[in-house]
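S.K.: A structural model of the following input is requested.
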Amino acid sequence: MRIVAGTLRGRTLVAPSGVSTRPTADRTRQALFNVLEHAPWSRALKDMRVLDVFAGSGALGLEALSRGAGFCLFIDNEAGARAAIEANLQRLDLVRRARVERWDVERLPARSAAGSDRFHLAFLDPPYGAALATPALAALAKGDWLTAGAIAALELGARDPPPAASEFELVEERTWGAARVRFLTLAENA
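M.R.: Numbering: from 1, shown residues only. Coordinates of the predicted model:
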């Protein structure tokens, strides 16, 4: 696993040991970022504040930082995943542009209680088949984590049902192999 593009292109990443984490494949990550960088509904990554939820190795957030995002908050409740993210941040000299938190996404604190500014882009890559997408999206909206019009890139298994997330509008959906990525925007009235 490696960074696909940007200032850190080609740098390898540490992945958590065990089978509880399924990192997004390099090819899927490249395709996902191609959509984000070229879709008419998206905007430039430069200086964006990014959330990487169910972060695993942190590959999506690290890729965003490599491509110009200003800050990334990584959220994962697995100790091995957080250790891998911390190792990757150290190796890539990104410690000052990121933070790692152990939060259960279904019980995410309100953004103001967490002492954070709002985010422009959220990556959500829950375990396939775990039905965590709906509560995670609801927690982000209810907790005031995202700016109006923020983009959420949600990776699901190709057979997983779409989430029930009335606070978000689907703007595009793509399938790459076993991964289906739904690009959502936070509704203005959410």
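
S.K.: after the helix or strand of the chain with the lowest mean pLDDT, which helix or strand is next? Please name it.
M.R.: None of the helices or strands of the chain scores lower by mean pLDDT, DSSP states H and E than helix 111-114, at a mean of 70. Next in sequence after helix 111-114, counting helices and strands by DSSP states H and E, comes strand 119-124.

S.K.: just checking: what are the partner strands of that following strand?
M.R.: strand 49-53 (parallel), strand 146-157 (parallel) (DSSP bridges).

S.K.: what is the mean pLDDT for whichever helix or strand comes after the longest one?
M.R.: Following strand 146-157 in sequence order, the next helix or strand is strand 168-176 (DSSP H and E). When pLDDT is averaged over strand 168-176, the result is 93.

S.K.: go ahead and name everything in contact with strand 168-176.
M.R.: For strand 168-176, the external contacting residues (CB atoms under 8 Å, 6 or more residues apart in numbering) are 25, 27-28, 31-32, 35, 39, 41, 137, 141, 151-152, 158, 162, 180-187, 190. (Glycine included, C-beta is placed from N, CA and C.)

S.K.: buried subset of those residues?
M.R.: Those of the contacts of strand 168-176 that meet the buried threshold are 28, 31-32, 35, 137, 141, 151-152, 180-186, 190, by 16 or more other CB atoms under 10 Å.

S.K.: which strand residues bridge the residue nearest the centre of the chain?
M.R.: Geometric centre of the chain, nearest residue: F123, 1.9 Å, by CA atoms, centre = their mean. Taking DSSP bridges as the rule, F123 bridges to D52, A153.

S.K.: that one is in contact with L140, isn't it?
M.R.: No. Between F123 and L140 there is no contact under CB atoms under 8 Å: 11.3 Å.

S.K.: quick revisit: residues in contact with the residue nearest to the centre of the chain?
M.R.: Applying CB under 8 Å, 6+ apart, one finds that F123 lies in contact with 50-53, 55, 60-61, 64, 152-153, 155.

S.K.: try it again with 6 Å
M.R.: Neighbouring residues of F123 by CB atoms under 6 Å, 6 or more residues apart in numbering: 52, 60, 153.

S.K.: for G6, state which of those is nearest.
M.R.: Of all the contacts of F123, L60 has the smallest distance to G6: 12.6 Å, by CB to CB.

S.K.: before I go, just wanted to say thanks for your time.
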